[in-house]
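J.: Give me coordinates for this.
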Amino acid sequence: MRIGLVGAGRIGASHAAAVAARPEVDELLVADVDPGRAGAVAAAVAGARPVGALGDLLAPGAVDALVVTSATASHPEFILGGVRAGVPVFCEKPVAPDVAGTVRVLHEVERTGAAVHIGFMRRFDAGYARARQALRSGELGDVHRVHAVTCDAAPPPAGYVPTSGGIFRDCHVHDFDILRWVTGREVDEVHAYGANRGAAYFAEAGDVDTSAAVMRLDDGTLATLQGSRYNGAGYDVRMEVAGTLGTIAVGLDERSALASAEPGTAFPAGEPWQEFWSRFTPAYEAEIAAFLHMAAEGGPSPCTVADALEAVLIADAADRSMRLGRPVRLAEVREEAVAA
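T.: Numbers count the residues shown, from 1 in each chain. From the prediction side, this is the model:
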């Protein structure tokens with residue numbers, strides 16, 4: 001297979017290596033708005049070569065599938081470009097910078113029946129998959145509580161924050177997607193909070209560096225969420241699912257960014273994770289493998305544009321709740337999205 005990759009930044013470079021390592025990939029074509037950056041990524045990856053222009057990847061017959069890892073604002077252009085070229089598309093989250101853009105892409109993808117896979121890598125993490133299986137099989141009994149944590153070891157640079165979409169859209173959208181995937185339930189209402197405990201540039205951009213939320217699912221289950229851009233102990237991503245018969249924890253391994261206060265307890269003893277790619281490398285690799293299988297063999301997308309829209313709607317509800325100081329029902333943001 002000949003795969004095109006558009007966007008040779010940090011996440012693009014990592015995806016390029018994962019794509020090129022797959023045995024079914026014969027050639028990887030790399031494009032970027034900065035040709036030098038595309039050349040550098042291609043030079044570092046065996047089986048890759050740069051192309052002269054972004055549009056070269058969208059020409060008829062140019063590639064068998066397209067991987068989009070470019071800047072968020074360009075995602076709709078390249079997703080729809082791949083759809084019109086008739087090739088399967090993988091795109092890193094988000095689909096678009098806003099809900100309206102996501103809805104427009106969704107309508108076109110559904111109209112054409114195109115194969116589009118949105119990159120929510122936690123669906124391919126062994127821990128989250130095990131939690132989903134334990135819940136769906138009845139091993140945990142009736143679920144009474146779900147708790148999610150996402151904390152960065154260090155904050156993003158100041159220049160990133162104004163265009164990030166805010167902590168709920170940029171960071172916690174992964175928590176919202178995996179909550180739906182693990183539980184099989186939809187979020188009905190969100191009550192979210194935010195605080196600024198670190199650098200002034202978060203507040204100056206209208207964002208927060210610390211977050212918390214309570215979500216009511218459509219079966220009445222309560223789920224809680226905590227997050228931070230400042231977690232000096234390391235990169236901390238976890239989920240707890242507690243039921244009447246048992247409790248399971250995702251992310252509780254030897255490299256968890258935790259320290260026990262109990263005497264004589266050494267767990268966890270490993271070096272804590274420091275960033276997302278290292279923590280989720282197997283998940284990213286499994287995600288790309290699943291996309292390439294879909295591209296080669298057909299079948300349903302592992303994570304559709306419709307799935308991505310649901311996660312973004314929850315993020316929008318959380319952001320709105322934080323700013324308005326009240327609970328926000330998903331029906332409220334959904335109605336506006338449909339109207340748009």
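
J.: quick one, strands of the protein?
T.: Assigned by DSSP state E, the strands in the chain fall at 2-6, 27-31, 48-50, 65-68, 89-92, 116-119, 143-151, 187-195, 210-217, 222-228, 236-243, 247-250, 328-329.

J.: Can you report how many residues neighbour A242?
T.: Using other C-beta atoms under 10 Å, A242 has 16 other residues around it. C-beta here means a position set from N, CA and C on the backbone, and glycine is covered the same way.

J.: what bridges to it?
T.: Here A242 sits in beta bridges with R145, T247, as judged by DSSP bridges.

J.: What pLDDT is listed against it?
T.: Looking at A242, its pLDDT reads 98.

J.: Ok, which of the strands of the chain comes nearest V109?
T.: Minimum separation from V109 across those (C-beta to C-beta) falls at strand 116-119, 5.2 Å.

J.: how close does the nearest residue to S164 once chain neighbours are set aside get to R180?
T.: Leaving aside its sequence neighbours, S164 sits nearest to D170 (C-beta to C-beta, 6 or more residues apart in numbering; 4.1 Å). Taking C-beta to C-beta, to the nearest Å as the measure, D170 falls 18 Å from R180.

J.: wouldn't V214 be in contact with D188 here?
T.: No. Under the criterion of C-beta atoms under 8 Å, V214 makes no contact with D188, lying 11.6 Å away.

J.: Can you show me the helices along this structure?
T.: 10-20, 35-44, 75-85, 99-112, 126-136, 167-170, 173-183, 200-204, 276-297, 305-324, 330-339 (DSSP state H).

J.: Check which helices and strands the first one sits against.
T.: Looking back up the chat, that one is helix 10-20. strand 2-6, strand 27-31, helix 35-44, helix 276-297 (3 or more C-beta pairs under 8 Å, 6 or more residues apart in numbering; DSSP states H and E).

J.: Let me know the angle separating it from helix 276-297.
T.: Computed with axes from the mean of the first three to the mean of the last three C-alpha atoms, to 10 degrees, the direction of helix 10-20 lies at 50 degrees from that of helix 276-297.

J.: Can you tell me what sits against helix 10-20?
T.: The set of residues external to helix 10-20 that reach it, using C-beta atoms under 8 Å, 6 or more residues apart in numbering, is 3, 5-6, 8, 25, 28, 30, 32, 41-42, 44-48, 67, 69-70, 92, 277, 284-285, 288, 292.

J.: Quick check: mean pLDDT of it?
T.: Here the average pLDDT along helix 10-20 is 96.

J.: for the second one, same thing?
T.: Average pLDDT, helix 35-44: 96.

J.: now that helix against helix 10-20, angle please.
T.: 40 degrees.

J.: re the thing from before, if you compare the helices and strands packed on helix 10-20, which one is most tucked away?
T.: Most buried of those, by mean neighbour count (mean count of other C-beta atoms under 10 Å): strand 2-6, with a mean of 27.

J.: For that strand, the averaged confidence score.
T.: 98.

J.: Next one: the residue nearest in space to the middle of the chain from P327, what distance?
T.: Central residue of the chain (C-alpha atoms, centre = their mean): F120, 3.6 Å from the mean position. Distance, F120 to P327, using C-beta to C-beta: 25 Å.

J.: ok so, going back, nearest to G220, out of the helices of the chain?
T.: helix 173-183 (12.1 Å).

J.: Name the residues that touch the closest one?
T.: Everything outside helix 173-183 that qualifies as a contact, by C-beta under 8 Å, 6+ apart, is 93-94, 120, 122-123, 128, 131-132, 135, 143, 146, 148, 150, 185-187, 215, 217, 221, 223, 225, 227, 239, 241, 303, 307-308, 310-312, 314-315, 318.

J.: of those residues, buried ones?
T.: Using 16 or more other C-beta atoms under 10 Å as the burial test, the contacts of helix 173-183 include 93-94, 120, 122-123, 128, 131-132, 135, 143, 146, 148, 150, 185, 187, 215, 217, 221, 223, 225, 227, 239, 241, 303, 307-308, 310-312, 314-315, 318 as buried.
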